[in-house]
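Asks: take this sequence and fold it.
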Amino acid sequence: AGILIYGSYNILTGEEEEEEDMSENWIVKLSSDLFDSTDFFDGDKFFTIVEGVKKATPLLLCLVAVEVSDIVFAVDSIPAVFGVTEDPFIVYTSNIFAILGLRSLFTVLSKAVQGLCYLEPAIAIVLGFIGTKFILEYVGIQVSTGISLAVVTGVIGGGVGLSILQKFRASEIPEDAEDSCGF
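Replies: Have a look, this model is predicted:
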């Protein structure tokens, strides 16, 4: 719950994390420890032979990083699903479908949401709501599934709707005017 509320706060206040040096990334270090690796690519090969020794290329390290991020994504989304339901079947299947479908849809989704300037704050509000819901349930106050779904769909729908309205209004403003969401 605390992680969700902290993440919500960071998104809403605009605090950014520092750019990470990928050579210091724990996934890259773990992969490098498991496999002897090179610092150069060899076409589209995962392994190459250097001085008679088979070594992993950075392409294999990228693959490991992508697959580990899929696992992290699945674990990370579990609290969000529990914010809506406690049915283990729904939690399990929604995470499986998320892993299977979202990576392939990522390109389409990333292009589609680029113009939705109020979507990110809406998602932050949803994160804060779910974190708060967890805390309330811990102290014995139950929030129904219907209310949770209404808040989540209302806030996300509102963010999308406001973004579309903003784009529509921006198209009516002369081109030399500022085109932003105003925050």
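Asks: next SSE after the helix or strand bottoming out on mean pLDDT in the chain?
Replies: Within the chain, no helix or strand scores below helix 88-112, which has a mean of 73 by mean pLDDT, DSSP states H and E. Sequence-wise, the next helix or strand downstream of helix 88-112 (DSSP states H and E) is helix 119-138.
Asks: can you pull out the helices in the protein?
Replies: Taking DSSP state H, the helices of the chain run over residues 2-13, 26-34, 58-82, 88-112, 119-138, 145-172.
Asks: what is the neighbour count of residue 61?
Replies: Burial measure for residue 61: 23 neighbouring residues, criterion other C-beta atoms under 10 Å. C-beta coordinates here come from the backbone N, C-alpha and C atoms, glycine included.
Asks: repeat for the one 10 residues further on
Replies: Using other C-beta under 10 Å, residue 71 is surrounded by 10 other residues.
Asks: relative to residue 99, how far out is the residue most central in space within the chain?
Replies: Most central residue of the chain, judged by C-alpha distance to the mean C-alpha position with C-alpha atoms, centre = their mean, is residue 73 at 7.0 Å. With distances taken as C-beta to C-beta, to the nearest Å, residue 73 is found 7 Å from residue 99.
Asks: just residue 78 next, same as before
Replies: Remark: distance between residue 78 and residue 99 (C-beta to C-beta) = 12 Å.
Asks: try residue 89
Replies: Using C-beta to C-beta, one obtains 16 Å as the distance from residue 89 to residue 99.
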